[in-house]
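Asks: pasted the sequence and its predicted model underneath.
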Amino acid sequence: MKKLLYIGNKLSAHGLNKTTIETLGPLLEQEGYNIAYASSQKMLLFRLVDMLWAVICQRKADYVLIDTYSTSSFWYAFATGQLCRLFKIPYIPILHGGNLPNRLVRNPLFCQMLFGNAYQNVAPSPYLLEAFKNKGYTNLVFIPNILQIEDYPFKDRQVIQPKLLWVRAFASIYNPKMAVDVLRELQKKYDGASLCMVGPDKDGSLAITQEYAVEIGVKHITFTGKLSKKEWITLSEEYDVFINTTHFDNTPVSIMEAMALGMPIVSTSVGGIPFLLKDTEEALLTKDSDAHAMTEAVIRLVEDFELNKKIISNARAKARRWDWTIVKKEWGVLLK
């Protein structure tokens, strides 16, 4: 039985959304892997210490999986990766951060030390795969993020209403105020247009967005806070269009889930989004921070049934390719 150590931010118990460590890890366990995890510590310093201690304690592991992001969590990956090198443990960064290409430019030496010495780097998107190849990395493998398609009931939306759903942590990089601007513009044309925003607060953006909605006088807006996956999937049946307003992104799982659910998507075309979604074929894409363009895209979906039907069908077909029954074979090859 292969022994793995999985390093990542395991923080759902503290009110944050589940990340890959809490979705991929249990699925790998079901396939027979023996996995230890770090870390669920909330405090940043304690989390880093816990991760490093886990590497020391699990130094006989066959592989160490490391969720790797582009912001402050990059340094967790760097530190644990260097300790793995010291103990000669093969480690595998799983690339998540939509801004990782900029990290490759800003910190080329540290990135070479982490990614260049990895057993393999797992890119869950063609966007990051291409970005790393362009910087000369060859120890790369593409394995997409996973869904369990049976968990996502498809709703056949014959009529699209301007009922918007936004699912993300409230953080400035995800630009939640833009969703409020889109609602305001929509309500000039559709008085009953509505918006539901789902997600925990990460940096104070929830309160800022709520205050902004009051300030500009929009109506029919709901803030749910954090919901479980099952809860927001059930809630999604009440809404017809999924919007994504982010400034930076890689391959957001919430978009993948919306595709599986049969929700047409309007998203900013940033980072890995245009690699994930084909404009006018699987979604409608707009420029970053362009609330007017996003509003016009929502109106197109509401008024053009054939376009809407094509987008929903193509997106659902792509989502099926991310089912665990398919993706687990690629993990099996990597961890053989």
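Replies: All right, it came through fine.

Asks: list the contacts of the nearest residue to Asp181 once chain neighbours are set aside.
Replies: Once flanking residues are discounted, Asp181 sits nearest to Ala291: 3.7 Å by Cβ to Cβ, 6 or more residues apart in numbering. Where C-beta positions appear, they are placed from N, C-alpha and C, glycine not excepted. Applying Cβ atoms under 8 Å, 6 or more residues apart in numbering to Ala291 gives the contacts Met178, Asp181, Val182, Glu185.

Asks: pLDDT wise, what is Ala291 at?
Replies: Note on Ala291: pLDDT of 98.

Asks: ok, Lys309 next?
Replies: Note on Lys309: pLDDT of 95.

Asks: neighbours of it, how many?
Replies: 15 (other Cβ atoms under 10 Å).

Asks: hang on, it is in a helix, isn't it?
Replies: Yes: residue state for Lys309 (DSSP: H, G, I helix; E, B strand; the rest coil) corresponds to a helix.

Asks: from Phe170, how far off is it?
Replies: For Lys309, the distance to Phe170 (Cβ to Cβ, to the nearest Å) stands at 32 Å.

Asks: quick one: list the elements packing against the host helix or strand of Lys177.
Replies: Assessed by DSSP states H and E, Lys177 sits inside helix 176-189. When contacts are defined as 3 or more Cβ pairs under 8 Å, 6 or more residues apart in numbering; DSSP states H and E, helix 176-189 packs onto strand 163-167, strand 194-198, helix 205-216, helix 291-303.

Asks: C-terminal to the third one, what's the next element?
Replies: Spelled out, it's helix 205-216. Downstream of helix 205-216 (by DSSP H and E), the next one is strand 221-225.

Asks: run the angle between that next one and strand 194-198 for me.
Replies: 10 degrees (axes from the mean of the first three to the mean of the last three Cα atoms, to 10 degrees).

Asks: then strand 221-225 to PDB, C-alphas only?
Replies: Taking C-alpha atoms only, strand 221-225 is exported to PDB below (Å, rounded to 0.1, in the frame of the first residue of the first chain):
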ATOM      1  CA  ILE A 221     -29.800  40.500  -3.400                       C
ATOM      2  CA  THR A 222     -29.100  37.700  -0.900                       C
ATOM      3  CA  PHE A 223     -25.900  36.800   1.000                       C
ATOM      4  CA  THR A 224     -25.900  33.300   2.400                       C
ATOM      5  CA  GLY A 225     -22.500  33.100   3.900                       C
END
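
Asks: partners of it, with directions?
Replies: strand 194-198 (parallel) (DSSP bridges).

Asks: send me the partner strand as PDB with only the CA atoms.
Replies: Output of strand 194-198 as PDB, limited to C-alpha atoms (Å, rounded to 0.1, in the frame of the first residue of the first chain):
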ATOM      1  CA  SER A 194     -31.900  38.900  -8.600                       C
ATOM      2  CA  LEU A 195     -28.500  37.900  -7.300                       C
ATOM      3  CA  CYS A 196     -27.500  35.300  -4.700                       C
ATOM      4  CA  MET A 197     -23.900  35.400  -3.400                       C
ATOM      5  CA  VAL A 198     -22.600  32.300  -1.700                       C
END
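
Asks: now the contacts of Ala291 in CSV, with distance to Asp67, pLDDT and neighbour count?
Replies: Listed next are the contacts of Ala291 as CSV, based on distance: Cβ to Cβ, whole Å; pLDDT from 0 to 100; neighbours: other Cβ atoms under 10 Å:
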residue, distance to Asp67, pLDDT, neighbour count
Met178, 27, 98, 22
Asp181, 32, 98, 21
Val182, 31, 98, 30
Glu185, 37, 98, 18
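
Asks: ok, so of the residues you listed, who is nearest Val266?
Replies: Nearest to Val266, judged by Cβ to Cβ, of those is Val182 at 8.4 Å.

Asks: thinking again about what came up before, how about the helix holding Lys177: buried residues?
Replies: Of the residues in helix 176-189, Pro176, Lys177, Met178, Ala179, Val180, Asp181, Val182, Leu183, Arg184, Glu185, Leu186, Gln187 count as buried by neighbour count, 16 or more other Cβ atoms under 10 Å.

Asks: quick one, helices of the stretch 51-200 of the chain?
Replies: Using DSSP state H, counting those that start in this stretch, the helices of the stretch 51-200 of the chain run over 74-87, 100-106, 108-115, 126-134, 176-189.

Asks: out of those, flag the one nearest Thr251.
Replies: With Cβ to Cβ as the criterion, Thr251 lies closest to helix 126-134 of the helices of the stretch 51-200 of the chain, at 7.3 Å.

Asks: what separates the closest one from the chain centre, distance-wise?
Replies: Put simply, helix 126-134 sits 17 Å off its chain's centre (Cα atoms, centre = their mean, to the nearest Å).

Asks: what helices or strands is that helix leaning on?
Replies: Looks like helix 126-134 contacts helix 100-106, strand 121-123, strand 140-142, helix 273-276 (3+ Cβ pairs under 8 Å, 6+ apart).

Asks: so for that helix, mean pLDDT?
Replies: Helix 126-134 comes out at a mean pLDDT of 95.

Asks: can you state the direction angle for that helix and helix 108-115?
Replies: 110 degrees.

Asks: tell me the mean pLDDT over stretch 152-159?
Replies: The pLDDT scores in stretch 152-159 average 92.
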